[in-house]
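In: next input, structure requested:
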Amino acid sequence: MTIRIGIVDNDPYALTVMKTLIERLDAGFEVIWTTDIGAVAISRCVSTAKRPDVLVTDMAMAGADGPEISRAIRARTSQVGIVGVTSYTVSSFREAAAFSGMQALVAKTDIANLRNAICDAAQGKAYRMPIKACDGVEGGRTSEATQATNGEAVRFMDLQDASNYIEDQQYARQGKLSNKERETLRLYADGLNTKEIAGRMGVSVATVATFERRATMKLNARSRAHAIAICIRRHEF
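Out: Got it, this is the predicted structure:
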């Protein structure tokens with residue numbers, strides 16, 4: 001399977017090196033474009049004609065940095081996996097990367113994890129790796145139990161969950177229910193249980209619980225039933 005990749009880094013030399021490196025990582029990797037301008041990367045990622053399967057972005061750039069680029073893309077599309085790369089200590093950027101909707105963050109020198117992260121991101125999956133690997137030492141995949149033992153508090157999200165999260169953040173700033181939060185309460189009102197709602201919406205059970213919790217908080221409701229009653233009164237659905 002061919003994975004189409006876009007790369008953004010405002011250092012022209014680093015951009016050339018990264019392109020060569022990625023193309024050598026896997027015969028299925030195809031770098032379809034590179035750019036040193038964040039706005040160009042955003043535009044291409046939301047364009048159906050130029051959209052890659054995965055965007056590889058440097059974290060620290062002049063102008064729009066990696067997290068800003070990721071948030072802008074994630075707010076517009078859930079069709080592009082995003083992998084952050086950095087020459088600095090990975091732990092210092094991990095939280096910003098995860099909460100901007102990226103699926104992974106790896107050191108530029110961490111060849112094995114860069115390849116695996118791109119493969120997982122292309123499938124819409126968050127890449128999991130040990131804390132030592134996250135800080136630039138070669139590692140591999142690990143269970144969530146192992147990650148917890150290593151003390152990794154920040155979890156990267158699968159592509160759809162990341163898109164939902166960014167959407168929720170936008171609505172939260174406006175003090176309004178997001179479409180997903182409203183739909184969750186409507187389906188509960190229709191008598192579906194949490195597992196059924198997750199299946200209907202194509203998200204995890206944990207994500208449904210998050211939608212319910214955020215909706216309840218925004219409405220200042222005492223319970224799910226109270227939140228539904230408020231929505232009915234306001235003609236939300």
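In: after the lowest-mean-pLDDT helix or strand in the chain, which helix or strand is next?
Out: Using mean pLDDT, DSSP states H and E, the weakest-scoring helix or strand in the chain turns out to be helix 144-150, at a mean of 36. Using DSSP states H and E, the helix or strand that follows helix 144-150 in sequence is helix 159-174.
In: which residues touch the spatially most central residue of the chain?
Out: With distances taken as Cα atoms, centre = their mean, the residue of the chain nearest its centroid is residue 101 (2.7 Å). Residue 101 makes contact with 70-71, 73-74, 82, 157, 162-163, 165-166, according to Cβ atoms under 8 Å, 6 or more residues apart in numbering. From N, CA and C alone the C-beta is placed, and that goes for glycine too.
In: equivalent analysis for residue 171, please.
Out: Taking Cβ under 8 Å, 6+ apart, we find residue 171 in contact with 177-178, 181.
In: before we move on, back to that, can I get the contacts of residue 101 in JSON lines with pLDDT, distance to residue 97 and neighbour count?
Out: Below are the contacts of residue 101 laid out as JSON lines (pLDDT from 0 to 100; distance: Cβ to Cβ, whole Å; neighbours: other Cβ atoms under 10 Å):
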{"residue": "70", "pLDDT": "98", "distance to residue 97": "7", "neighbour count": "31"}
{"residue": "71", "pLDDT": "96", "distance to residue 97": "11", "neighbour count": "22"}
{"residue": "73", "pLDDT": "97", "distance to residue 97": "13", "neighbour count": "27"}
{"residue": "74", "pLDDT": "94", "distance to residue 97": "12", "neighbour count": "24"}
{"residue": "82", "pLDDT": "99", "distance to residue 97": "9", "neighbour count": "29"}
{"residue": "157", "pLDDT": "94", "distance to residue 97": "11", "neighbour count": "21"}
{"residue": "162", "pLDDT": "92", "distance to residue 97": "11", "neighbour count": "25"}
{"residue": "163", "pLDDT": "89", "distance to residue 97": "15", "neighbour count": "23"}
{"residue": "165", "pLDDT": "84", "distance to residue 97": "13", "neighbour count": "18"}
{"residue": "166", "pLDDT": "88", "distance to residue 97": "13", "neighbour count": "21"}
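In: neighbours around residue 62, how many?
Out: 9 (other Cβ atoms under 10 Å).
In: tell me the domain ranges of this structure?
Out: Annotated domains of the chain cover 3-157, 175-233 [automatic domain parsing].
In: what's the least confident stretch among the ones you listed?
Out: Least confidently modelled of the domains of the chain is domain 3-157, at a mean of 87 by mean pLDDT.
In: gap between the two ends of that domain?
Out: End-to-end distance of domain 3-157 (Cα to Cα, to the nearest Å): 20 Å.
In: got it, and stretch 183-197?
Out: Between the start and the finish of stretch 183-197 there is a gap of 9 Å, counting by Cα to Cα.
In: list the buried residues of that stretch.
Out: 183-189, 192, 197 (16 or more other Cβ atoms under 10 Å).
In: follow-up on the earlier one: of the contacts of residue 101, closest to residue 222?
Out: residue 165 (25.1 Å; Cβ to Cβ).
In: quickly note the distance from the closest one to residue 57.
Out: To residue 57, residue 165 is 18 Å away according to Cβ to Cβ, to the nearest Å.
In: check residue 108 too.
Out: In terms of Cβ to Cβ, residue 108 sits 12 Å off from residue 57.
In: could you pull out the strands for the chain?
Out: Assigned by DSSP state E, the strands in the chain fall at 3-8, 29-35, 54-58, 81-86, 104-107.
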